[in-house]
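Trainee: Pasted the sequence and its predicted model underneath.
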Number of protein chains: 2
Amino acid sequence: MDNVCGTSRIAGCSFSIYPMADKFKEIILDALNQVDTSKVWMETDDVTTLVRGRIPHVFDVTSAIFLAAAKTDEHIVFNGTYSIGCPGDSTGDVYMAEDETKLNMSNIKDIRLETASKFSLYPLGGGNYMDTIYTQIENMRAQGITVSKSHYSTRLDGNAYDVFAGLEHVFIETEASGSSHTVMTVTMSANSPSAKGAIQ
Amino acid sequence: MDNVCGTSRIAGCSFSIYPMADKFKEIILDALNQVDTSKVWMETDDVTTLVRGRIPHVFDVTSAIFLAAAKTDEHIVFNGTYSIGCPGDSTGDVYMAEDETKLNMSNIKDIRLETASKFSLYPLGGGNYMDTIYTQIENMRAQGITVSKSHYSTRLDGNAYDVFAGLEHVFIETEASGSSHTVMTVTMSANSPSAKGAIQ
C-alpha cells in the first residue's frame, strides 16, 4: 500500500472556530461573511465546517476565517483537520476547476498576530511514516517557525499567517514525498490571557 | 511494521475545553478542580492539557472534565487527541501503577447530556487501516450511538457518557486488533444554540 495514490486528490478541512466569548455566534458568522469562499465547496453544521477544493484555497479560506475572527481581540481558537487522499472519501462536494490564485491573501498577508499552536501529521498506510513526520517538523523549523516538542503534537509559536504558510508547505511536501493519504491536525490559539504560560 | 507493538503502551490525550462564554477561564479552572486526576499525569499550558496514564483513567478524566464544564449550561466544546503506542513518544510523564478503578465514574455516569460529536480514527503504520476504521465505526453503531457519515470524520449523536464509553471501547478494540500506534481525534459539542442544524 505504500506510496500508492489515493482515489482522490481533493483536499479538504473539517474545522471550527471557538471564540471564548458570549457573542461567539456573531463572531463566527461575521468571520464567515468576511471571507471569499467562492473557490471552495463549504458546508457548516453545528459541529464543524467543511471546506473542500484545491490545497491553496483550503488553506486560504481556513486561515482567513481564523484571522477575521481573531481581529475581534477575543480569545479565539482554531481547530482543523486537513486531509487529502482518503481512500474512503467521496469525490463530490468540491470545485476543482479553479486556478491557484488565493482570493483572500491580499486581505490577510499583512496582519500580524502572535499565535501558539499544536500540530500533528498523520501519513497513513505506510510503515515509514515516522521519518516523514520528523522530516516535516524540521521543514517547519526551516521556515522560521518556533518549534518545540510536546506529547502527541508539535508546538508552533509565531505569526498566524506565517504558521499557516508553513503548515500548507508541510502538507504539500508530505503529499509530494509519496504519502497517499495525509491527515494534519492543527489547533491555533490567539489572544489567550494565559499566553506563554500555564493557566493561573 | 504491521502489528508490531510500539515502544510504549502509555495512553494519553492532548485535549482542550472551549467554553463559548466570557467567563471561559473560570469554567475551565472550575472543571479541572472538580475532577480527581490522581491516577494520571497531567499538565496544562496555554494551548492544551496533556493527560497520560492507563486507558481507563485517560478516558475517565477527560470525560469528567468535559461534563463538569458542560454542567454550566454554556456552549462547551471538547477537542481531544487520544494516542497510544507512538514510536517517537517518551516513556516518562505517566503513572502506570494504578489499578483500573475509575475515580470519577460515580460522579458522571448518571449525568444525561445530549451531545453532537465528530471522531476520526488513525491506525498508523499499516496498510489495512481502512478496514480497521470501518470495523470500528460499526462497533460504535453496535453500542447504540447514532452514527452518520461525513467528510474526514464520523458524526456521533448521543448522551455524553455513552459516547465517551463507545469511544473508549473503540480505542481499546483498535489496539487489541493489532494497531501498534493508534490515534483517535474527538470533537464533542454540548449546549449548542444551533444543535441539530446549521448556524442561522
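Mentor: The structure has been received and is ready for your questions.
Trainee: C-alpha only now, for contacts and for neighbours.
Mentor: Noted.
Trainee: ok, now which ones touch the closest residue to A:Leu67 other than its chain neighbours?
Mentor: Among residues not flanking A:Leu67 along the chain, A:Ile108 sits closest, at 7.2 Å (CA to CA, 6 or more residues apart in numbering or on different chains). Taking CA atoms under 8 Å, 6 or more residues apart in numbering or on different chains, we find A:Ile108 in contact with A:64, A:67, A:161.
Trainee: what about the strands in chain A?
Mentor: A:11-19, A:41-44, A:49-53, A:76-84, A:114-124, A:146-149, A:154-159, A:181-190 (DSSP state E).
Trainee: A:Ile28: how many residues sit nearby?
Mentor: A:Ile28 sits with 20 neighbouring residues when counted by other CA atoms under 10 Å in any protein chain shown.
Trainee: which residues touch A:Ile147?
Mentor: No Ile there; residue A:147 is Val. A:137, A:140-141, A:154-157 are the contacts of A:Val147 under CA under 8 Å, 6+ apart.
Trainee: distance of it from A:Leu156?
Mentor: Going from A:Val147 to A:Leu156 by CA to CA, to the nearest Å gives 5 Å.
Trainee: residues contacting the residue nearest to A:Thr72 when sequence neighbours are not counted?
Mentor: Once flanking residues are discounted, A:Thr72 sits nearest to A:Ile27: 7.7 Å by CA to CA, 6+ apart. A:Ile27 makes contact with A:19, A:69, A:72 under the criterion CA under 8 Å, 6+ apart.
Trainee: Counting neighbours, what do you get for the second one?
Mentor: The number of residues packed near A:Ala69 is 27, by other CA under 10 Å.
Trainee: distance of the nearest residue to it once chain neighbours are set aside from chain B?
Mentor: Nearest non-adjacent residue to A:Ala69, counting by CA to CA, 6+ apart: A:Ala31, 5.1 Å away. As for A:Ala31, its distance to chain B is 13 Å (criterion: CA to the nearest CA, to the nearest Å).
Trainee: can you give me the helices in chain A?
Mentor: A:24-34, A:55-70, A:105-108, A:129-142, A:160-176 (DSSP state H).
Trainee: Comparing these, which comes out most buried?
Mentor: helix A:55-70 (a mean of 24; mean count of other CA atoms under 10 Å in any protein chain shown).
Trainee: So which other helices or strands are in contact with that helix?
Mentor: strand A:11-19, helix A:24-34, strand A:76-84, helix A:105-108, helix A:160-176 (3 or more CA pairs under 8 Å, 6 or more residues apart in numbering or on different chains; DSSP states H and E).
Trainee: These: which one's closest to B:Gly92?
Mentor: Closest to B:Gly92 of those is strand A:76-84 (CA to CA; 27.4 Å).
Trainee: quick one: the closest one near chain B?
Mentor: Yes. Shown here: strand A:76-84 in contact with chain B (CA under 8 Å from any CA of the partner chain) through A:81, A:83.
Trainee: and that strand, what's its mean pLDDT?
Mentor: Strand A:76-84 shows an average pLDDT of 98 in the prediction.
Trainee: Residues in contact with that strand: which ones?
Mentor: So strand A:76-84 is contacted by A:8-20, A:66, A:69-70, A:180-192, B:152 (CA under 8 Å, 6+ apart).
Trainee: what does stretch A:168-187 give?
Mentor: Residues contacting stretch A:168-187 (CA under 8 Å, 6+ apart): A:2-6, A:55-56, A:59, A:77-87, A:117-126, A:132, A:136, A:139-140, B:47.
Trainee: Quick check: end-to-end length of it?
Mentor: 14 Å.
Trainee: chain center to that stretch: distance?
Mentor: 11 Å (CA atoms, centre = their mean, to the nearest Å).
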